[in-house]
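Student: give me a 3D structure for the following:
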Amino acid sequence: MKVGLIRCMQTEDMCPGTTCFKVIKEKKAAFNDISEDIEVVGVNTCGGCPGKKSVTRAADMVKRGADTIVFASCIFKGTPIGFPCPNAQAMKDAISKKLGDSIQIIDYTH
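Tutor: Have a look, this model is predicted:
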């Protein structure tokens with residue numbers, strides 16, 4: 001699995017992504033059932049509200065080898081501030097529409 005990770009721009013100053021990288025490396029949480037090796041191809045933010053840049057950034061990570069786009073838990077779950085992104089589903093839908101069914105999308109990391 002080759003992962004492109006998208007995180008919230010507004011939480012990047014309070015979260016270095018440590019737990020996201022740890023659960024990917026240790027195959028825990030959202031990656032619990034993954035048997036193959038996992039490689040992080042790239043990490044980027046959504047670009048800020050309302051997340052419009054997430055589509056082009058996800059597409060760019062796919063061009064660079066990602067076969068799976070993963071939203072960091074700050075997007076759908078609101079970790080660490082307890083405020084999920086109000087644009088999360090719209091971002092996911094737009095990315096899915098742009099990239100098609102051949103790219104897997106995971107809603108959270110931990």
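Student: quick one, helices of the chain?
Tutor: 18-26, 53-63, 73-76, 88-99 (DSSP state H).
Student: show me which residues of the first one are buried.
Tutor: I take that to be helix 18-26. Using 16 or more other C-beta atoms under 10 Å as the test for burial, helix 18-26 gives 19, 20, 23, 24. C-beta here means a position set from N, CA and C on the backbone, and glycine is covered the same way.
Student: next, format these as TSV and append distance to residue 61.
Tutor: TSV is the format used below for those (distance: C-beta to C-beta, whole Å):
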residue	distance to residue 61
19	20
20	15
23	19
24	14
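Student: using TSV, lay out those residues together with pLDDT.
Tutor: Output for the buried residues of helix 18-26, formatted as TSV (pLDDT from 0 to 100):
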residue	pLDDT
19	97
20	97
23	98
24	98
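Student: which of those residues sits closest to residue 71?
Tutor: For the buried residues of helix 18-26, the minimum distance to residue 71 (C-beta to C-beta) is 9.8 Å, reached by residue 20.
Student: so what's that closest one closest to, chain neighbours aside?
Tutor: Nearest-residue entry for residue 20: residue 109, 4.3 Å, with adjacent residues in sequence omitted and distances by C-beta to C-beta, 6 or more residues apart in numbering.
Student: mean neighbour count, the helices of the chain: which tops it?
Tutor: helix 73-76 (a mean of 25; mean count of other C-beta atoms under 10 Å).
Student: who touches that one?
Tutor: 6-8, 11, 15, 19-20, 46, 79-81, 84-85, 88, 91, 107-110 (C-beta atoms under 8 Å, 6 or more residues apart in numbering).
Student: now with 7 Å, please.
Tutor: Applying C-beta atoms under 7 Å, 6 or more residues apart in numbering, the external contacts of helix 73-76 come out as 6-8, 11, 15, 20, 79, 84-85, 88, 107-110.
Student: report the rounded mean pLDDT for it.
Tutor: If you average the pLDDT over helix 73-76, you get 97.
Student: contacts only, for the residue nearest the centre of the chain.
Tutor: With distances taken as C-alpha atoms, centre = their mean, residue 71 lies nearest the centre of the chain, 2.3 Å away. Shown in contact with residue 71 (C-beta under 7 Å, 6+ apart): 6, 88, 106, 107, 108.
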